[in-house]
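Engineer: Pasting the sequence and the predicted coordinates here, then a few questions.
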Amino acid sequence: MKINYARFLTSAASEKQFPPDNMIEIALVGRSNVGKSTLINTITNHKSLAKTSSTPGKTQTINFYEINNSFRLVDLPGYGFARVSKAKKHKWKHLIESCLLNRQNLKGVIQLIDIRHKPTNDDVLMYEWLKFYKFKTIMVATKADKIQQSRIKPNLEQIKEVLHLHTSDPLVIFSAKNKEGKKEILNHLGEIVSWS
């Protein structure tokens with residue numbers, strides 16, 4: 001797949017603000033500051049289509065991006081951010097689940113994991129949740145340029161082991177700096193769109 005057109009569509013703070021479910025959607029999930037916005041900017045060839053921030057928990061809405069006039073990327077709020085009130089966490093949880101479970105046009109999910117660290121309990125719970133609901137899942141190990149090359153293979157094995165990664169779910173190494181994994185991610189997105 002090649003992305004020739006991408007635009008920010010809307011931000012939704014509630015289910016009522018979701019756009020019509022008339023287009024295939026693929027969601028992005030991951031811990032706060034794992035690099036979801038950076039991945040969107042990299043694969044769409046836009047420097048600032050998705051706003052990036054060094055402050056975890058910055059994204060507090062669900063952001064929709066229209067791609068090639070044929071599908072949408074859906075950036076969900078990051079999970080696992082401690083400095084958020086219980087009420088806010090509950091609201092985010094409800095918002096995320098309403099998007100993942102109630103959107104009939106949602107055909108796949110990209111889950112991002114920081115390759116530098118062992119997957120957290122939140123990462124494991126999210127992956128188990130996605131598998132329980134039988135989502136087509138693409139796993140992306142981000143920030144590969146920030147780790148020694150000698151650590152990449154053992155850290156990937158650790159991700160597979162901790163998550164009990166299904167063999168049918170691809171695990172892509174990604175670096176925004178050198179664009180590693182970009183083509184592979186686009187190919188997987190293309191497969192989901194073409195199968196749907």
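Structural biologist: Yep, it's here. Not measured: the values here are computed from a predicted model.

Engineer: so residue 119 sits in a strand?
Structural biologist: No. Secondary structure of residue 119 (DSSP: H, G, I helix; E, B strand; the rest coil): coil, not part of a strand.

Engineer: Would you agree it is in contact with residue 112?
Structural biologist: No. At 10.9 Å, residue 119 does not count as touching residue 112 under the criterion of C-beta atoms under 8 Å. Every residue, glycine included, has its C-beta placed from N, CA and C.

Engineer: As a check, name the ranges of all helices in this protein.
Structural biologist: Ranges of helices in the chain, per DSSP state H, are 36-44, 86-102, 121-132, 149-163, 182-195.

Engineer: and the ones you listed, which is most packed in?
Structural biologist: helix 36-44 (a mean of 22; mean count of other C-beta atoms under 10 Å).

Engineer: circling back to that earlier point, reformat the helices of the chain as TSV; add mean pLDDT.
Structural biologist: Output for those, formatted as TSV (pLDDT from 0 to 100):
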stretch	mean pLDDT
helix 36-44	96
helix 86-102	76
helix 121-132	94
helix 149-163	97
helix 182-195	95
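
Engineer: residues in contact with residue 158?
Structural biologist: 118, 119 (C-beta atoms under 8 Å, 6 or more residues apart in numbering).

Engineer: what's the spacing between it and residue 151?
Structural biologist: Remark: distance between residue 158 and residue 151 (C-beta to C-beta, to the nearest Å) = 10 Å.

Engineer: so which of the helices of the chain gets nearest residue 75?
Structural biologist: For the helices of the chain, the distance to residue 75 is smallest for helix 36-44, at 5.4 Å, taking C-beta to C-beta.

Engineer: Tell me the helices and strands packed up against the closest one.
Structural biologist: strand 24-30, strand 62-67, strand 71-75, strand 106-114, strand 137-142, helix 182-195 (3 or more C-beta pairs under 8 Å, 6 or more residues apart in numbering; DSSP states H and E).

Engineer: Which among those is found nearest to residue 165?
Structural biologist: Among the helices and strands packed on helix 36-44, strand 137-142 sits nearest to residue 165 (C-beta to C-beta), with 6.6 Å.

Engineer: Of all the helices and strands packed on helix 36-44, which one comes closest to residue 44?
Structural biologist: strand 62-67 (6.9 Å).

Engineer: Stretch 99-113 spans what distance, first to last residue?
Structural biologist: Chord length of stretch 99-113, first to last residue, is 21 Å (C-alpha to C-alpha, to the nearest Å).

Engineer: Which positions in it come out as buried?
Structural biologist: 99, 100, 103, 106, 107, 108, 109, 110, 111, 112, 113 (16 or more other C-beta atoms under 10 Å).
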